[in-house]
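Engineer: Pasting the sequence and the predicted model now:
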Amino acid sequence: MLGSYGAEDGGIPVEQVQELERALQDAGVDHDVTIYEGAAHAFEVECRLYDRLFTEAEPEKDGRDFKSVLNPKSLEVIRARCEPSLKDAVAEERYQFERLGYFALDLDSQPGTPVFNRTITLKDTWAKELKKA
C-alpha cells in the first residue's frame, strides 16, 4: 500500500495517518506511508494511461487483419489525485508519478481541470508479452 498525505490537510488528521501506519505495520502489510510537512490536500485530475495500440508486435503478420489484434486497453482514462505543486504544471515539462510512469500535461487541460497523459511506463512489459508467445 502506498499512502501520501499532506500534514496541512484538514480532512485527515496526521494522528489518524500515523495510527493507520502503525496498524499496517502491526498487521505485517507491505506499505510506504509518507507525510509531507507543509503540504495541503491533493486535487483531482484526469489521467490518460496510453498503452500499446496492438497486443502483438507484428499486427499484420501472416496476412491477418491488424484490427484483430487491437489492444482494448490501449487507452484507459482514470481520475487521480495529485500533490498541490502540480497545480502549476506546464505542458512542456514531464512529471514522474510515483510508481506509474512519466506524464505530460495535455493541451486539453482547462484551469481547474488538468489532464495528464502517461508518456511512458516505468517498466517495459514487451519482454513479458514475448515470453507468453
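Structural biologist: Alright, I've got the coordinates.
Engineer: What number of residues are in the vicinity of the residue nearest to Asp106 when sequence neighbours are not counted?
Structural biologist: Using Cβ to Cβ, 6 or more residues apart in numbering and skipping the chain neighbours, the partner closest in space to Asp106 is Val115 (4.1 Å). (Each C-beta comes from the backbone N, C-alpha and C, glycine too.) Applying other Cβ atoms under 10 Å, we find 17 residues neighbouring Val115.
Engineer: Now do the contacts for Val115.
Structural biologist: Contacts of Val115 were listed using Cβ atoms under 8 Å, 6 or more residues apart in numbering, and they are 45-48, 105-106, 108-109.
Engineer: Pick out the lowest-pLDDT one from the residues you listed.
Structural biologist: Ranked by pLDDT, those bottom out at Asp108 (87).
Engineer: Show the contacting residues for that residue.
Structural biologist: So Asp108 contacts Val115 (Cβ under 8 Å, 6+ apart).
Engineer: Could you rerun that using 10 Å?
Structural biologist: The contact partners of Asp108, taken as Cβ atoms under 10 Å, 6 or more residues apart in numbering, are 46, 48, 114-115, 117.
Engineer: Buried members of those into ChimeraX, please.
Structural biologist: The ChimeraX selection below is limited to those of the contacts of Asp108 classed as buried (16 or more other Cβ atoms under 10 Å):
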select :46,114,115,117
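Engineer: what would the contacts of Asp108 look like in CSV with distance to Glu83 and secondary structure?
Structural biologist: Shown next, in CSV, are those (distance: Cβ to Cβ, whole Å; DSSP: H, G, I helix; E, B strand; the rest coil):
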residue, distance to Glu83, secondary structure
Glu46, 16, strand
Arg48, 19, strand
Pro114, 12, coil
Val115, 17, strand
Asn117, 18, strand
